[in-house]
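Trainee: What follows is a predicted protein model with its sequence.
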Amino acid sequence: SQQGEEDPQALSIQEGENATMNCSYKTSINNLQWYRQNSGRGLVHLILIRSNEREKHSGRLRVTLDTSKKSSSLLITASRAADTASYFCADYNQGGKLIFGQGTELSVKP
Amino acid sequence: DAGVTQSPTHLIKTRGQQVTLRCSPKSGHDTVSWYQQALGQGPQFIFQYYEEEERQRGNFPDRFSGHQFPNYSSELNVNALLLGDSALYLCASSKPGLGQETQYFGPGTRLLVL
């Protein structure tokens, strides 16, 4: 399967804690993206990291990319209840199709 | 600036029926992609339209077809509905580019097949 693999599948933390979720692919990573989805609604783009980048920041988000391991991590610092959502990684395969992971369901308790 | 819009928001159909879902891309975007998201899963790529033609297609049967209009809006048609077609259908648009650009998603259409 070309689907990205994410872990953990579910994560529950307290407000103020950091949340880390991981994503890996069996094929080489090109332009890896992270998306957030609230309660089964549309996806919101969070950050894109290109294959020649190793780390990228956006506000409380930090994304790392290890192309040798074909993996990426998303770190959310100082989490808030509003960060409760499902998080998906996605990358374009050789055929130019955007392939998503299964997602990590994050629950941040106030 | 309106984002990606989809209609309807919810739909209930019975097995064997046909359904048409609609999508209007974000202003300035000319490429529209459709995804199917089953409960608890990540979105699965159905196909992508550019310049009114299907440019890419995922692993979906011919019962799934689409169309793009000159104003870049798009339709997804599903014939002979099966129970397994129940899902959230997402439309995404992107700007002209090299094909690996950020996708902007609509709120989705939730389809229930009984």
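Mentor: Looks like it came in fine.

Trainee: give the contact list for the residue of chain B found nearest chain A.
Mentor: Nearest to chain A, among the residues of chain B, is B:G42, at 3.5 Å (CB to the nearest CB). For glycine as for every other residue, the C-beta is placed from the backbone atoms N, C-alpha and C. B:G42 makes contact with A:3-4, A:88, A:90, A:100-103 under the criterion CB atoms under 8 Å, 6 or more residues apart in numbering or on different chains.

Trainee: Which residue, other than its chain neighbours, is closest to it?
Mentor: A:F100 (3.5 Å; CB to CB, 6 or more residues apart in numbering or on different chains).

Trainee: quick one, phi/psi of the one you found?
Mentor: Dihedral angles of A:F100 (phi, psi; degrees, to the nearest 10) stand at phi -100, psi 150.

Trainee: so what's it scoring on pLDDT?
Mentor: A:F100 carries a pLDDT score of 92 in this model.

Trainee: wait, isn't it in contact with A:Q3?
Mentor: Yes: A:F100 sits in contact with A:Q3 when judged by CB atoms under 8 Å, with a separation of 7.1 Å.

Trainee: Same drill for these two, tell me which one is more crowded.
Mentor: Each of A:F100 and A:Q3 has its neighbours counted (other CB atoms under 10 Å in any protein chain shown); A:F100 has more, 24 against 14.

Trainee: Check B:Q36 and give its pLDDT.
Mentor: 97.

Trainee: outside of the helix or strand harbouring it, which residues touch it?
Mentor: Here B:Q36, judged by DSSP states H and E, is contained in strand B:31-37. Residues from elsewhere that reach strand B:31-37, judged by CB under 8 Å, 6+ apart: A:98, A:100, B:23, B:25, B:43-50, B:55-56, B:60, B:66, B:68, B:72-74, B:76, B:85, B:87-96, B:103, B:108.

Trainee: Likewise for stretch A:5-12?
Mentor: A:19, A:21-25, A:87-89, A:101-107, A:109.

Trainee: buried stuff in it?
Mentor: A:5-6, A:11 (16 or more other CB atoms under 10 Å in any protein chain shown).

Trainee: Extract the C-alpha trace of that stretch and format it as PDB.
Mentor: Below are the C-alpha coordinates for stretch A:5-12, written out as PDB (Å, rounded to 0.1, in the frame of the first residue of the first chain):
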ATOM      1  CA  GLU A   5       1.700   5.200   8.300                       C
ATOM      2  CA  GLU A   6       1.100   7.400  11.300                       C
ATOM      3  CA  ASP A   7       1.600   6.800  14.900                       C
ATOM      4  CA  PRO A   8       0.200   6.900  17.400                       C
ATOM      5  CA  GLN A   9      -3.300   6.400  16.100                       C
ATOM      6  CA  ALA A  10      -4.600   8.200  19.100                       C
ATOM      7  CA  LEU A  11      -3.000  10.600  21.600                       C
ATOM      8  CA  SER A  12      -4.500  12.100  24.800                       C
END
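
Trainee: tell me the angle the helix or strand hosting B:R110 makes with strand B:31-37.
Mentor: Using DSSP H and E, B:R110 sits in strand B:109-113. Here strand B:109-113 runs at an angle of 40 degrees relative to strand B:31-37 (axes from the mean of the first three to the mean of the last three CA atoms, to 10 degrees).

Trainee: can you pull the buried residues of strand B:109-113?
Mentor: B:109-111, B:113.

Trainee: so what does it touch, helix or strand wise?
Mentor: strand B:10-13, strand B:19-24, strand B:87-94 (3 or more CB pairs under 8 Å, 6 or more residues apart in numbering or on different chains; DSSP states H and E).
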